[in-house]
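Enquirer: could you look at this predicted model? Sequence included:
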Amino acid sequence: MGTLTSTSRPVLNVSTTPTVVFGNRSLIWWGQILMMAIEGTMFAIFIASYFFYRTRVSDWPPGFNVPALKWGTLNVVLLLLSAAPNVWVKKQAEEARLRNVRLGLVLMGVIGIVNCAIRAFEFPALNCRWDSNAYGSMIWTLLSFHTFHLVTDTCDTLALTVLMFKGPLEGRRYEDVSVNAIYWYFIIGSAIATYVVIYWAPRWL
Amino acid sequence: MSPELMTPEQTTLETSANTSRLANLERIWKDPSGFWGWFTHVNHRSIGKRYMVTAFIFFLAGGVLAALMRIQLSRPENHFLGPDLYNQIFTVHGSTMMFLFAVPMMFEALSVYIVPLMVGNRNICFPRLNSYSYYVYVVGGLLLYAGLFINSGPDAGWFAYVPLSGPDFTPGKRSDIWAQMITFTELSALAVAVEVITTTFKMRAPGMSLNRIPIFVWAQTIVSFMVVFAMPAVMLSSTMLLLDRTVNTHFFNPAEGGDPILYQHLFWFFGHPEVYIIFIPGTGIVSTLISTFSRRRIFGYTALVLSMVATGFVGFGLWVHHMFATGLPQMGESFFTAASLMIVIASGTQVFCWIATMWTGRVVLKTPMLFALGFFFVFVIGGLTGVMMASVPVDLQIHDTYFIVAHFHYVLIGGAVFPLFGALYYWMPKITGRMLNEAAGKWHFWLFFIGFNMTFFPMHILGLRGMPRRVYTYPTSMAWGGLNMLASLGAVFMAAAVLIFIVNYFWHLKKGAIAGDNPWNAATLEWATTSPPPVYNFAELPTVNGRDALWDAAPDQPIVGGLDEDSRQILITKVMDADPDYRDELPGPTPVPFIAAIATSIFFISTIFLPSAFFPTIILVGITLLIWYWPKKQPSERRKRREIWEH
C-alpha cells in the first residue's frame, strides 16, 4: 500500500518491516510477561503470608499432620519433565513447523489434563481443611490458586490445539503458541515454589 | 532489511486524493455510533473520555458525602446524621475518592486518553482489554453505591480493618460489598497498567528514544509498574477477608491461628504505594504544565525521571509507618522511619527542578499554571506534616486524630486534585476543541484554594487538640465547635468552585473559543494533530527529533509511511531507541469486552451471596474469554496473505 501525503516531507517507509515476530519484540509477549509479574506477585504475597503465620506459633503445622508427599511430588515431577516438550513446542512454533506444533500441543494438552487430574488427589492429601485453622486456610488457598493457573493454561493449550488443527491459521497463532509455552514455564516455576512451601516447609521448619 | 528514509516526494499530490485517503482512514478506524455501537468502542479516546466522566461523577458523589459529613460536624452534638449512617458515609466517601476517583482519574483516564497521543500512535495496545477494564470499573462503582442506597454501605473505614470488618463484628453484606468493589477496581487498574507499559515501550513514534519520552508518559509508566506490584496485595487481602466471611477460612481470626496484623501489612503494602500511584501522575502533569507555561524545556529531565523512579521504589518500603501504633519491634519502626524520610530526597529533587524551570523561564500565569502553583503550596505543607509523622513518637501522639485527616487531604488533594484541575484546563482544548473560560478558571482556582485551606488547615489544630477521626459528633465542652464550623464553611467554597468548573465546562462546549491544534504552543505530540483529534489520531504518523517533539522538530521532519491502510495496522518500535520494529494490527469494534465484563461481574457479585456459584460463573467468564480470543476467518486470511516473518 502506498502512502499518499499532501506534504513534501520525507517519508520513513516501514512497508518492509515484518508482521510476525517472536519474543520481546511482540506486543503479546509483553502482555503475557506483565500478567506473569502480577500473578507472580500474588504467589509471593501468599507465600510471605504463610511464613508470617509460621512466626506466630511454636508448633508447625499447628494441630495437623504434615501433608502427604505422594501426589504432590508426582505432580511436580511430571511438571518438571514437561519442560522438555515445552521447550520443543516453543521452538517448533517459532520455526512454523505445523506438524510438530500440532504434535507438541496435543502432548502438552494431555500433560496438562493429567496434571489437573493428579491435583484433585492433592487436596485430600493436605491432611487438613480450609476451615480448620489459618494454616489450613493458607495452604488450601495457595494450592487452589496454583490449580486455577494450571487449569487456565491447560484450557489455553487445548484451545490453541483446536485452532492449529481447524484454522484459521496465520503467523499470530504461532506467536500465541510461543507465548503459551512461556506461560507454562510460569506454571512450572510457581508449582515448584508452591510444592516446596506446602510439602517441605512443614517438614523443615 | 532496515526501513529506509526515502527522498522527499517531489510531486504535489492532488488534494482530492488526500481527502479520499483520510475518508478511508476514518472508515477503518471509526467505532460505530448509536446506542448499541456505544458498547463496542475500542478507541482509546472514547474509553478515556468515559473514564474521565465516570471518575468525575464519582468525585462529585464522594464530594456530596463529604458535604453531608461537614454538615453533621459543623456544630457539636448535631443529629443531622446518626452514627450508623455516618459510618457508612465516611467509608463510602473514602473508598470512592481512593478507588473510584483518584486512581481511575489520575492513572486510568489520563493514561488511556493521553499516552497513545503523546507517543504518537493511533490507539492504545490491547484496546479490547482497555474497554473491558472500563466496564469492570463502572460495575464496581455501582456495586458500592447500590450497597449504600439499600443501607448496606460498607462501614468499617476505607481500609476495612479486621476484626471490625470481619464476620464477627460486621454481619450482613457490608464488608463483602467493599471487598468485591476492590476486586473490580483493581482488576481494571491492573489491565490499564499492562496496556500503558506496553504502549510506552513498544508503540512510540520513531525517534522517541527512552531519553526523549515525555515526562508525563514516564510518570504514567512508573505508576503502571507500581500498580503491577502493589494492587495484587489489596486484591488478595480483600479476597482473604471475603473468604473469612463467606467460607469460614481463618486468615484473620486469632482464635484459629490467624492474625489481624497480617491484614494491615497486606493492605498497607498496597496502601502506601497507592499514595504514589495517585501522586506521581500529578508530578507528571505539573512537570508538563511548568515546562509549557515557563516557555522553556524542563530543567533536570534526567533527575526528574530518576526521582520518580526512586519514589516508585522507595514507596514500597514505607508501608509500616501506617502501623506504628500496632506495637511492632522498635528496630523495624526505625527502618521505616528512615525510609519515610528518604522519600523527601526524591520529592525535593522534583520541587527544585520545577523551581529552576520557572526561575529561568518566562512564566505565563494561565489557569493550568495557577493550579500547578497551588499544587506546590498545598503539597509542600502536606509533605512537611508527612515528615513529622514519620517520627514514631509524633505519630503515636496524633494517630487516628484529625491531624492525620488534615495531612492526607493536603497530600491527596494537593498531589492529585490540584494537578488534575490543571490538567483538565490544559488538555480540555485537545479533547473538545474549545477553550475553557479563563476568568471562570481563575475564580475556580481561588475559591478552591481558599476553601481547601479553610477546610483542612483547621483540622491540624483540631487533631492536636485531640479530636479523633471518624466520630459522628462531639460534646460542646471539647470546644472543637468553632474550628469545625470554619472547616464546614470552607467546604462551601470548595463546592462553589467545583460548580463553577461544571458550568464552565458546559458553557465552553457551545461558546468556548476554538482552540486550534496547539493553543498553548506546547512541545508534546498530542498537540501535533487537530483538536479534537480524528479517530485515527494522526493523519501522518510523526517521527521525533528531540526531547520536546514539537519544539525540536525539523522543518521537514519525516513522517511514517508504508502502513496498510485497509486495516488497523500500526507501527511497533524498539524499546530503546524506538526504531521501527514491526507492524501489528489492532482489533476493531466489538461488544465482546462488554459481555466479558458482565460475566466477570456476575462472577464477582454472585460469589458474595453464594460461594458455590464460583464454579458455574467462572466457567461463564472462561467462555466469554474464549469467544474474545477466537480469531475471525476473513481478517486472519488477509493478514496471512501479506505476512512477513521476522528475520
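Expert: Now that the structure is in, tell me what you want to look at.
Enquirer: and the most far-flung residue of chain A relative to its centre, what element?
Expert: In chain A, residue A:8 marks the outermost C-alpha relative to the chain mean, sitting 51.0 Å out by CA atoms, centre = their mean. If you go by DSSP states H and E, residue A:8 is not part of any helix or strand.
Enquirer: how about the helices in the stretch 201-350 of chain B?
Expert: Ranges of helices within the stretch 201-350 of chain B are B:215-246, B:260-293, B:301-314, B:330-359, based on DSSP state H, counting those that start in this stretch.
Enquirer: isn't residue A:147 up against residue A:119?
Expert: Yes - at 5.3 Å, residue A:147 and residue A:119 qualify as touching, with contact defined as CB atoms under 8 Å. The way it works is simple: take the backbone N, C-alpha and C, and place the C-beta from them, glycine included.
Enquirer: neighbours of the residue in chain A positioned nearest to chain B, how many?
Expert: Residue of chain A nearest chain B, by CB to the nearest CB: residue A:15 (3.1 Å). Per other CB atoms under 10 Å in any protein chain shown, the neighbour tally for residue A:15 reads 14.
Enquirer: and the nearest residue to it once chain neighbours are set aside, how far is that from residue A:17?
Expert: Leaving aside its chain neighbours, residue A:15 sits nearest to residue B:562 (3.1 Å; criterion: CB to CB, 6 or more residues apart in numbering or on different chains). Here the criterion is CB to CB, to the nearest Å. By it, residue B:562 lies 8 Å from residue A:17.
Enquirer: does residue B:400 touch residue B:468 like I think?
Expert: Yes - using CB under 8 Å, residue B:400 is in contact with residue B:468, at 5.6 Å.
Enquirer: returning to what we had before: what's the closest of the helices of the stretch 201-350 of chain B to chain A?
Expert: So among the helices of the stretch 201-350 of chain B, helix B:215-246 is nearest, using CB to the nearest CB, at 4.3 Å.
Enquirer: what about the closest one, average pLDDT?
Expert: Confidence for helix B:215-246, expressed as mean pLDDT, is 97.
Enquirer: how big is the angle separating it from helix B:301-314?
Expert: Helix B:215-246 runs at 10 degrees relative to helix B:301-314, counting by axes from the mean of the first three to the mean of the last three CA atoms, to 10 degrees.
Enquirer: packing partners for helix B:215-246?
Expert: helix A:27-54, helix A:134-166, helix B:110-118, helix B:174-202, helix B:260-293, helix B:301-314, helix B:592-609 (3 or more CB pairs under 8 Å, 6 or more residues apart in numbering or on different chains; DSSP states H and E).
Enquirer: mind doing that once more with 7 Å?
Expert: On a contact count with 3 or more CB pairs under 7 Å, 6 or more residues apart in numbering or on different chains; DSSP states H and E, helix B:215-246 meets helix A:27-54, helix B:110-118, helix B:174-202, helix B:260-293, helix B:301-314.
Enquirer: could you see whether chain A lies near the longest one?
Expert: Yes - shown here: helix B:260-293 in contact with chain A (CB under 7 Å from any CB of the partner chain) through B:262, B:266.
Enquirer: what is that helix packed up against?
Expert: helix A:27-54, helix B:215-246, helix B:301-314, helix B:330-359, helix B:367-389, helix B:418-432.
Enquirer: give me the buried stretch members for the third one, please.
Expert: By that I understand helix B:301-314. Buried residues in helix B:301-314, defined by neighbour count with 16 or more other CB atoms under 10 Å in any protein chain shown: B:301, B:303-305, B:307-312, B:314.
Enquirer: again, but for the first one
Expert: The neighbour-count criterion (16+ other CB under 10 Å) identifies A:27-43, A:45-47, A:49-50, A:52-54 as the buried residues of helix A:27-54.
Enquirer: ramachandran angles for the closest residue to residue B:352 other than its chain neighbours?
Expert: Excluding its sequence neighbours, the residue lying closest to residue B:352 (CB to CB, 6+ apart) is residue B:300, at 7.8 Å. With angles defined as degrees, to the nearest 10, residue B:300 sits at phi 70, psi 50.
Enquirer: all set, thanks.
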